[in-house]
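A.B. asks: Coordinates for the following, if possible.
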Amino acid sequence: MRAVRPLVLCSIGGLLYVLCELVFRGRSHWTMFVVGGLCFWLIGLINEVIPWNMPVWLQCIIGAVIITTVEFIAGCIINIWLGWQVWDYSGLPFNILGQVCLPFTVLWCLLAAAGIILDDYLRYWLFGAEKPHYTWRCT
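C.D. replies: This next block holds a predicted model:
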């Protein structure tokens, strides 16, 4: 059962990310299912590794860093090395090699909030994990 959990969570996260891309971009690519699923699973581990008393806003910043890191590595492989041109942020400010940029890192903070909360509840509902509870301030 323990090996099934990451597969289920990655699949849900990947599907949701592809759906977001279809709604907001009008298109997606199969690699976004993999990247989105991996990001969803990794940000879901925040409350598995770090105690629940960490404020949600700090979890969101950590989530944005995780997503940006995965996006950079995936972009270097998918867009630069393989040349598939799935995304290109080179026209946006504060970009690195056109693979990540500051405006999207800020957006990933918001997406991480939704992902963290959804993952926590999925772990609770599907796998019997601890019921989610959140702290909004540093204690």
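
A.B. asks: Contact partners for the residue lying closest to K131 once chain neighbours are set aside?
C.D. replies: Spatial nearest neighbour of K131, excluding adjacent residues (Cβ to Cβ, 6 or more residues apart in numbering): Y124 at 5.3 Å. The way it works is simple: take the backbone N, C-alpha and C, and place the C-beta from them, glycine included. Going by Cβ atoms under 8 Å, 6 or more residues apart in numbering, Y124 touches E130, K131, P132.

A.B. asks: before we move on, which element is Y124 in?
C.D. replies: According to DSSP states H and E, Y124 maps onto helix 102-127.

A.B. asks: for I73, same thing?
C.D. replies: Assigned by DSSP H and E, I73 falls within helix 56-75.

A.B. asks: Wait, F40 touches L9, no?
C.D. replies: Yes - contact criterion Cβ atoms under 8 Å: F40 and L9 qualify, at 6.3 Å.

A.B. asks: Quick one: low-confidence residue ranges for the protein.
C.D. replies: Counting by pLDDT under 70, the ranges of the chain that qualify are 1, 139.

A.B. asks: From R27, how far out is E21?
C.D. replies: E21 is 7 Å from R27, where distance means Cβ to Cβ, to the nearest Å.

A.B. asks: same thing with L19?
C.D. replies: L19 is 12 Å from R27, by Cβ to Cβ.

A.B. asks: Looking at the two, which is more packed in?
C.D. replies: L19 (12 against 9; other Cβ atoms under 10 Å).

A.B. asks: how near is that one to Y134?
C.D. replies: For L19, the distance to Y134 (Cβ to Cβ) stands at 25 Å.

A.B. asks: next one: G115
C.D. replies: Applying Cβ to Cβ, the value for G115 to Y134 is 14 Å.

A.B. asks: same deal with L111?
C.D. replies: Distance, L111 to Y134, using Cβ to Cβ: 17 Å.

A.B. asks: okay, the two: which has more neighbours?
C.D. replies: Between L111 and Y134, L111 has the larger neighbour count (other Cβ under 10 Å), namely 21 against 14.

A.B. asks: Before I go, just wanted to say thanks for your time.
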